[in-house]
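A.B. asks: Model the following, please.
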Amino acid sequence: MISRYEDCLAVLRDNALFTADPRRLRDAGALVPERSGTLAPEDRAPVRELLTDAFRAQDFGQLAADVREFTRHLLTAREGRTETDFVADLAVPVASYAAGALFGGGLARRDGFLDTCRDAARGMTAGATPEEAEAGLRARALLSQMLRAEYRYAHGGSDRRGGVLRYLRLHEAERAVALEALTGALCALLFAALNSGPRLLGNALNALVRTPGSLPRLATANGPRLTAALDELIRYDSPFQAQDRAVTSATTLGGRRLAAGDRVRILLGSAHRDPEVFPHPDRLDLSRTPNPHFAFGLGPHACLGVPLALLEARVLLTEFAAAHPDATPARPGLREPHPTLRGFLTLPVAVGRRP
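C.D. replies: Have a look, this model is predicted:
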């Protein structure tokens, strides 16, 4: 278990010595199924490079405007209510809509897309009932079909509004990327967005409503102040609490000898509370700078969806704070029982009318 910030940073930076791909170990034993998030860089580089270029080519300013309009519609529809489940009523639909809009085509507008995303997200949580888990499997299969169908016909639309799918459709031949590998990676990214987005948003809102004065402060933040606030919310209660690595050759870390083949677990949540790096680490400080968290990973295994996650947080949290600056916990939220992921199954919040 690696818990100190500097030790965790050393592991995350050295992908050659601490690999996320157990296939690179000569004595790894039984092979594990390949997943896009754990392939060695040389195996997934072409797909990752193409996806990275596709993300960078998108008009995130327009995407933010679209997501903001959708968010305001959700908030307006709930005017007059005295309580809302922030996760089910806001975080899941906003994360789903944002992912669909970024991918483009007609994905976000497809009949049943948001409802299917809701079922998929609920089925992927550790607290899902057998019925919810089964519904989640069906939902993910349906989302895969939707995504592949939209990809097949993603030639239309302008360069700036066509989305990730259109960019990939137009450039796939240039990179000699196998279609199945590309669409498989797209499905994995969509599921990751549905998996992590609501967790990040719920954790952040929970911290805000439990820290007096934080919501009004966030509502008026912009520019560097808003960036600092979001970084602090992510550091304070990250959706990813741990990552696993395997040692490729004998080394020493933190005064301990590690042998080739040893497994290590990086405790991100612990590293983000290291007082040697973050003064008063248990305090939510929306103006904290610098804030060198690595909640989204580093290097070749850094999360591709960081821009989307930050956009969702920037839009939903500021819009909610402006609409309900006096929101408070209605009841304790129900945490998801998961060993490495941190989020809420429900987060009841007491709200008033929009000012």
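
A.B. asks: mind checking how far the helix or strand of the chain with the lowest mean pLDDT is from the chain centre?
C.D. replies: Within the chain, confidence by mean pLDDT, DSSP states H and E is lowest for helix 41-56 among all helices and strands, at a mean of 78. Distance of helix 41-56 from the chain centroid (Cα atoms, centre = their mean, to the nearest Å) equals 18 Å.

A.B. asks: what's in contact with the next helix or strand after that helix?
C.D. replies: Sequence-wise, the next helix or strand downstream of helix 41-56 (DSSP states H and E) is helix 60-77. With contact meaning Cβ atoms under 8 Å, 6 or more residues apart in numbering, helix 60-77 is reached by 89-90, 93-94, 97-98, 101-102, 160-161, 307, 311-312, 314-316, 319-320, 323, 354. (C-beta placed from N, C-alpha, C; glycine too.)

A.B. asks: on that earlier part again, restricting to C-alpha, output the least confident helix or strand of the chain in CSV.
C.D. replies: Only the C-alpha atoms of helix 41-56 are listed here, as CSV (Å, rounded to 0.1, in the frame of the first residue of the first chain):
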residue,chain,number,x,y,z
PRO,A,41,1.3,2.3,-24.1
GLU,A,42,2.7,0.6,-27.2
ASP,A,43,-0.4,-1.5,-27.6
ARG,A,44,-3.0,1.3,-27.4
ALA,A,45,-1.0,4.3,-28.6
PRO,A,46,-2.6,4.6,-32.1
VAL,A,47,-6.1,4.5,-30.7
ARG,A,48,-5.3,6.8,-27.8
GLU,A,49,-3.6,9.3,-30.1
LEU,A,50,-6.5,9.4,-32.5
LEU,A,51,-9.0,9.8,-29.6
THR,A,52,-6.9,12.6,-28.1
ASP,A,53,-6.8,14.5,-31.4
ALA,A,54,-10.6,14.0,-31.7
PHE,A,55,-11.2,15.4,-28.2
ARG,A,56,-8.9,18.4,-28.9
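
A.B. asks: If you count contacts, what does it end up packed against?
C.D. replies: Here helix 41-56 touches helix 163-175, helix 179-209, going by 3 or more Cβ pairs under 8 Å, 6 or more residues apart in numbering; DSSP states H and E.

A.B. asks: Any quick ChimeraX command for the buried ones out of the contacts of helix 60-77?
C.D. replies: Buried residues among the contacts of helix 60-77 (16 or more other Cβ atoms under 10 Å), as a ChimeraX selection:
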select :89,90,93,94,97,98,101,102,311,312,314,315,316,319,320,323
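
A.B. asks: Among the contacts of helix 60-77, name the ones in helices.
C.D. replies: 93-94, 97-98, 101-102, 307, 311-312, 314-316, 319-320, 323 (DSSP state H).

A.B. asks: Can you tell me which of the residues you listed lies closest to Leu189?
C.D. replies: Leu102 (9.5 Å; Cβ to Cβ).

A.B. asks: Low-confidence ranges, the stretch 1-150 of the chain, go.
C.D. replies: 22-44 (pLDDT under 70).

A.B. asks: Recalculate using a threshold of 80.
C.D. replies: 21-45, 105 (pLDDT under 80).

A.B. asks: hang on, the earlier thing: go through the helices and strands packed on helix 41-56 and find the least confident stretch.
C.D. replies: Mean pLDDT values for the helices and strands packed on helix 41-56 show the minimum at helix 163-175, a mean of 82.
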